[in-house]
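Enquirer: pasting the sequence and the predicted model now:
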Amino acid sequence: MLVKRAVAGLMILAGVLTLGYVGISSYIAEELVYESPTAIVKTPANLDLRFANVSFPSRGDQINLKGWLIPGMLPDGRLTVERVIVVVHGTRTNREDPGAHLLELTAALARNGFGVLSFDMRGMGESPPAPLSMGTLEQRDVLGAVDFLRSGRLPFPELGRPRIIGGLGVSMGAASLLMAAAGEPGIQAVVSDSAYAEIVPILEREIAKRSVAPIGRIPGVLAPSALVMAQLLYGVDFFAARPVAGVARIAPRPLLLIHGTADDYVPITNFRQLNAAATSVPGAHVSTWVVPNARHAQAFKKTGAEYVTRVVAFFDAAFGAAA
Amino acid sequence: MRSIRAAQPLLVLIALVAVVLGLTVIAREISARAGFLVERPIVLLVWLAGLLIAGAVFAWVVRRSMRGDASRSGLLLMALTALALASPLTLILLQHPSP
C-alpha cells in the first residue's frame, strides 16, 4: 500500500512539474521568436544620397524583403553600382539602425564609391512579420539580396549590374552574413562587426535576464527548454545559429573581423573563436580589428572616420579600385 | 492481460505526445498561410490546450490502471512511466550560458 502511494505521488509530482515546465517554456518560446518591428525614421535622402526603394524575395522561402539600393559616388560625381556592399543590420532594429549609426555608415560607403544594398531582414523594419531565428533563417535574406543583385530587376538600369558583391554585417547581421557567405561564393569579401560564434549560450544568459508577463523574471532553468520548444513549435532552430561552424569556408575570400573590447552582450571570446576557426584553413585571408572600449555594435559610433577608412581600405584591397 | 493493463499509461503517454505534437504541426501549417502574427498565438494555443487535455486523459488512465493493478511489476512499470513523464526536465542539464 505504501509503495503504491509512493508511486502515485511520484506520478503526480512528475506530471505537475513536467506540465508546468513545458507549458511555461512554450510561452517563453512564443515570446522569443518574435520582436515587434521598429519604424524607419530617416532615409538616405536625409543624408543627401540618391537611392531607390527595392523589394526582393529571400532565397528559398520567398519572403518579400524591403530595402534601399544606394549607388556609390565616384570622385568625379558619377554614380556607380559596379561594386556593391550588402549591409545587414542587427536584431531588434532595421536598415537604419540608429543605435549603431548604420545609415551613416551606409552613406560613408556610398560616398567612397561603393553601391550599397541595405535591407530589412524578415520580421524587421518594413519587411513582413516572420520568426526571429538569430541567423538560421535570416541568412536566406542575405542570399536573397545576392540573388537580387545578380539577376533581379535593379533600379538605375543605366548603371548596369554589379560586377563585385561584398557584405558588411553588424551583430546578428554579421552572424547571418557569415553563415550566408560560407555557402555563397558570390559574396566576395566580408566585414563582420560584433558577430557571435554561436547564439545559444548568449540566449541562455539573456533569457534569464528577461521578464515575460505574467510570469515576471524568467528562471534560467527554463532557457534550454524554451529554445527546444521554439524549434518544436515554430521550427526556429536557434541551435543552428553557429557562424563558427562555417566561417572557415569563407576562405580564401577576404574577411575582416571587428569587435569591441567592452562588448558585454557578445563577449570578445566570440571574436577569438571566430578568428581561430576562420584562420584554421590554409589560404585564409583574415584581418582583425579589436576596438578598445567599444561596446556591442558600437565600433563605428566610437571610431567614426577610422572605421570608414579601415573598411574602405579592406574592400578596396579585396575588390580593386572602382573604374 | 494484467501486464498490458499496467503498460497502458506508458503507451497512452506516448500516443498523447504524438497526437498533441501532430495537431500542433497541422495548426502551424494551416495558420502559417495567414501570416506569422496569426500563426504564433494559434500554435501556442493549440499546443497548450492539447497539453491540458492530454494531461487530463493521462491522469484518468493512470488512476484507472492503479486501481486495477497493484502487483509489483505493475507498480514498477508505473514508476518507469513517471520517469518517462519527467524526462523533459533533464533539459535543465543542457545549460551552458555565456559569461
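Expert: It's in. Because the structure is predicted, anything quoted here is derived from the model rather than measured.

Enquirer: CA atoms for contacts and neighbours, from now on please.
Expert: OK.

Enquirer: what is the rounded mean pLDDT of stretch A:308-316?
Expert: Taken as a whole, stretch A:308-316 has a mean pLDDT of 97.

Enquirer: could you do stretch A:119-137 as well?
Expert: Mean predicted confidence for stretch A:119-137 is 97.

Enquirer: one more: stretch B:28-43?
Expert: 93.

Enquirer: equivalent analysis for stretch A:91-105, please.
Expert: Per-residue scores along stretch A:91-105 average to 95.

Enquirer: touching, residue A:315 and residue A:189? I think so.
Expert: Yes - counting by CA atoms under 8 Å, residue A:189 is a contact partner of residue A:315 at 7.1 Å.

Enquirer: more crowded one of these two?
Expert: residue A:189 (27 against 24; other CA atoms under 10 Å in any protein chain shown).

Enquirer: give me the distance between that one and residue A:246.
Expert: As judged by CA to CA, to the nearest Å, residue A:189 and residue A:246 stand 15 Å apart.

Enquirer: I'd like to know which elements the helix ranked longest in chain B is packed against.
Expert: Secondary structure assigned by DSSP state H gives helix B:36-68 as the longest helix of chain B. Helix B:36-68 is packed against helix A:2-32, helix A:223-234, helix B:2-32, with contacts defined by 3 or more CA pairs under 8 Å, 6 or more residues apart in numbering or on different chains; DSSP states H and E.

Enquirer: for residue B:91, find the nearest of the ones you listed.
Expert: helix A:223-234 (5.9 Å; CA to CA).

Enquirer: C-terminal to the closest one, what's the next element?
Expert: Proceeding N to C from helix A:223-234, the next assigned helix or strand is strand A:254-260, under DSSP states H and E.

Enquirer: ok but residue A:54 is inside a strand, no?
Expert: Yes - per DSSP: H, G, I helix; E, B strand; the rest coil, residue A:54 lies within a strand segment.

Enquirer: can you give me the strands in chain A?
Expert: Secondary structure of chain A (DSSP state E): strands located at A:52-57, A:64-70, A:72-73, A:79-80, A:83-88, A:115-119, A:164-170, A:190-193, A:211-212, A:216-217, A:254-260, A:285-291.

Enquirer: which of these has the lowest mean pLDDT?
Expert: The lowest average pLDDT among the strands of chain A, as it happens, falls on strand A:211-212, at a mean of 76.

Enquirer: on that earlier part again, any idea which of the helices and strands packed on helix B:36-68 is most buried?
Expert: helix A:223-234 (a mean of 23; mean count of other CA atoms under 10 Å in any protein chain shown).

Enquirer: check whether that one comes into contact with chain B.
Expert: Yes - using CA under 8 Å from any CA of the partner chain, helix A:223-234 comes into contact with chain B via A:223, A:224, A:225, A:233, A:234.

Enquirer: wait, doesn't the first one sit right on residue A:209?
Expert: No - counting by CA under 8 Å, residue A:223 stays clear of residue A:209, with 10.5 Å between them.

Enquirer: if we ignore the residues flanking it in sequence, what's nearest residue 96?
Expert: Picking chain A for this. residue A:103 (4.9 Å; CA to CA, 6 or more residues apart in numbering or on different chains).

Enquirer: chain B, not that one
Expert: Here the residue nearest residue B:96, using CA to CA, 6+ apart, is residue A:201, at 5.8 Å.

Enquirer: got the contact list for the one you found?
Expert: Contacts of residue A:201 were listed using CA atoms under 8 Å, 6 or more residues apart in numbering or on different chains, and they are B:95, B:96, B:97, B:98.

Enquirer: also residue A:289?
Expert: Here residue A:289 is in contact with A:256, A:257, A:258, A:259 (CA under 8 Å, 6+ apart).

Enquirer: against residue A:196, how distant is the last one?
Expert: Note on residue A:259: its distance to residue A:196, by CA to CA, is 10 Å.

Enquirer: what is in contact with those two at once?
Expert: What both residue A:259 and residue A:196 touch, as defined by CA under 8 Å, 6+ apart, is the set residue A:271.

Enquirer: re earlier: tell me, what's touching residue A:315 and residue A:189 both at once?
Expert: Residues touching both residue A:315 and residue A:189 (CA under 8 Å, 6+ apart) are residue A:166.
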